[in-house]
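[1] Prediction below, plus the sequence it came from.
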Amino acid sequence: MTTVSPSVEVERKTSFWKTLQRVPWTWRITIAYLAVMLFMPIVAMFLKASTEPPARFWAIATSDIALATYNVTFVTSIFAALLNGVFGTLIAWVLVRYDFPLKRLIDATVDLPFALPTSVAGLTLATVYSDNGWIGSLLSPLGIKVSFTRTGVAVAMIFISLPFVVRTVQPVLQEMEHEIEEAAWCLGASQWQTFWKVILPPLFPTILTGIALGFSRAVGEYGSTVIISSNTPFQDLIAPVLIFQRLEQYDYSGATVIGIVLLSISLILLLAINFLQAWARRYDSR
């Protein structure tokens, strides 16, 4: 076994501090902030979950109720994000390309889910889509029930994640040059061909970014979904609510296990979306 002399140890420490002093202050502040606000909480969550034996960890993560909540959470979030990808792009297109009365008011209303407390949003949606509500009363005769069902969870996720798509796509549409579209029209392309072959390819990575942001927001939503859903296991119970229920039962490690699974699946799906974004950019550059 080799020993390090005190002089060598002091020299190493001095070299480390000199290297650290050469790092710009912006880097130091960024790393410190990310460490405190992002990395340390994640590490603490993993350490808390590691207190459970592997067999117990697997049993909690793959229990029937947990698997059911994963299904409701991720499938519904993906559906909401994809739907907003279509209609959010359409709304951004209308706001950018057309002038109409009350345009500024409608443009400001898009940001309402950002400012509205999620509990208030859930209460409002539950009231509007109830059997006696403005919209629910129209759907009830058709046998469609929204409030306190999985459909209500989807409506809440769509509501809170819509601005992410609109505000991501809108600036890119504003920067796009109209001359390219006019050139396509001069070459005989129809409006649909122009959109599909000229506008959509450079816009597609941006739409994916908006979908990824909306998906991330929907997965972590709690305040509105807990009100508009019945929180019934195997029906419309979502993973964040299950985590809260575990915390109410003082099952902190069990709640952490489900939180880690939620984080891991979200990370995998976001990496897949980022891969699609990179592929779309490479395809567009060709």
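    Looks like it arrived, so ask away.
[2] Could you double-check that residue 111 lies in contact with residue 164?
    No. Using C-beta atoms under 8 Å, residue 111 makes no contact with residue 164, being 10.6 Å away. For glycine as for every other residue, the C-beta is placed from the backbone atoms N, C-alpha and C.
[3] and residue 235, how far is that from residue 150?
    7 Å (C-beta to C-beta, to the nearest Å).
[4] try residue 276
    From residue 276 to residue 150 the distance is 27 Å (C-beta to C-beta).
[5] between these two, who's got more neighbours?
    Counted by other C-beta atoms under 10 Å, residue 276 and residue 150 do not tie: residue 150 has more neighbours, with 19 against 15.
[6] Just give the closest residue to that one, not the sequence neighbours.
    residue 236 (4.3 Å; C-beta to C-beta, 6 or more residues apart in numbering).
[7] same deal with residue 247?
    In space, residue 247 is closest to residue 255, 5.0 Å off (C-beta to C-beta, 6+ apart).
[8] Would you mind identifying the next helix or strand past the helix or strand residue 59 falls within?
    Here residue 59 sits within helix 54-61, counting by DSSP states H and E. Using DSSP H and E, the helix or strand that follows helix 54-61 towards the C-terminus is helix 64-70.
[9] OK, contacts around residue 117?
    By C-beta atoms under 8 Å, 6 or more residues apart in numbering, the contact set of residue 117 is residue 223.
[10] so what's it scoring on pLDDT?
    Note on residue 117: pLDDT of 88.
[11] Look up how far residue 158 lies from it.
    For residue 117 relative to residue 158 (C-beta to C-beta), the value is 18 Å.
[12] Same question for residue 255.
    27 Å.
[13] Kindly report the same for residue 256.
    29 Å.
[14] On the three-state scheme, the residue nearest to the spatial centre of the chain is what?
    With distances taken as C-alpha atoms, centre = their mean, the residue of the chain nearest its centroid is residue 216 (1.5 Å). Of the three states, residue 216 takes helix under DSSP: H, G, I helix; E, B strand; the rest coil.
[15] who touches it in this structure?
    Counting by C-beta under 8 Å, 6+ apart, residue 216 has contacts 266, 270.
[16] Kindly recompute the last result at 10 Å.
    77, 81, 161, 164, 266, 267, 269, 270, 273 (C-beta atoms under 10 Å, 6 or more residues apart in numbering).
[17] Same check on residue 111?
    Taking C-beta under 10 Å, 6+ apart, one finds 163, 166, 167 in contact with residue 111.
[18] where's it relative to residue 95, distance?
    For residue 111, the distance to residue 95 - C-beta to C-beta - is 12 Å.
[19] For the two, list the residues in contact with both.
    In contact with both residue 111 and residue 95: residue 166, using C-beta under 10 Å, 6+ apart.
[20] burial of residue 74, as a residue count?
    19.
[21] now residue 37: how far from residue 154?
    Counting by C-beta to C-beta, the gap from residue 37 to residue 154 is 31 Å.
[22] between these two, which one's more packed in?
    Per other C-beta under 10 Å, whichever of residue 37 and residue 154 has more neighbours is residue 154, with 23 against 9.
[23] in this protein, which helix has the most residues?
    Counting by DSSP state H, the longest helix found in the chain is helix 252-285.
[24] Which positions within that one qualify as buried?
    If you call a residue buried by 16 or more other C-beta atoms under 10 Å, then helix 252-285 has these buried ones: 254-262, 266, 269, 273, 277, 280.
[25] For the stretch 51-200 of the chain, just list every one of the helices.
    Ranges of helices within the stretch 51-200 of the chain are 54-61, 64-70, 76-97, 103-109, 112-115, 118-128, 136-139, 150-175, 178-186, 191-194, 200-219, based on DSSP state H, counting those that start in this stretch.
[26] Next, format these as JSON lines and append distance to residue 226.
    Putting those into JSON lines (distance: least, C-beta to C-beta, whole Å) gives the following:
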{"stretch": "helix 54-61", "distance to residue 226": "21"}
{"stretch": "helix 64-70", "distance to residue 226": "13"}
{"stretch": "helix 76-97", "distance to residue 226": "14"}
{"stretch": "helix 103-109", "distance to residue 226": "24"}
{"stretch": "helix 112-115", "distance to residue 226": "16"}
{"stretch": "helix 118-128", "distance to residue 226": "7"}
{"stretch": "helix 136-139", "distance to residue 226": "19"}
{"stretch": "helix 150-175", "distance to residue 226": "9"}
{"stretch": "helix 178-186", "distance to residue 226": "45"}
{"stretch": "helix 191-194", "distance to residue 226": "42"}
{"stretch": "helix 200-219", "distance to residue 226": "14"}
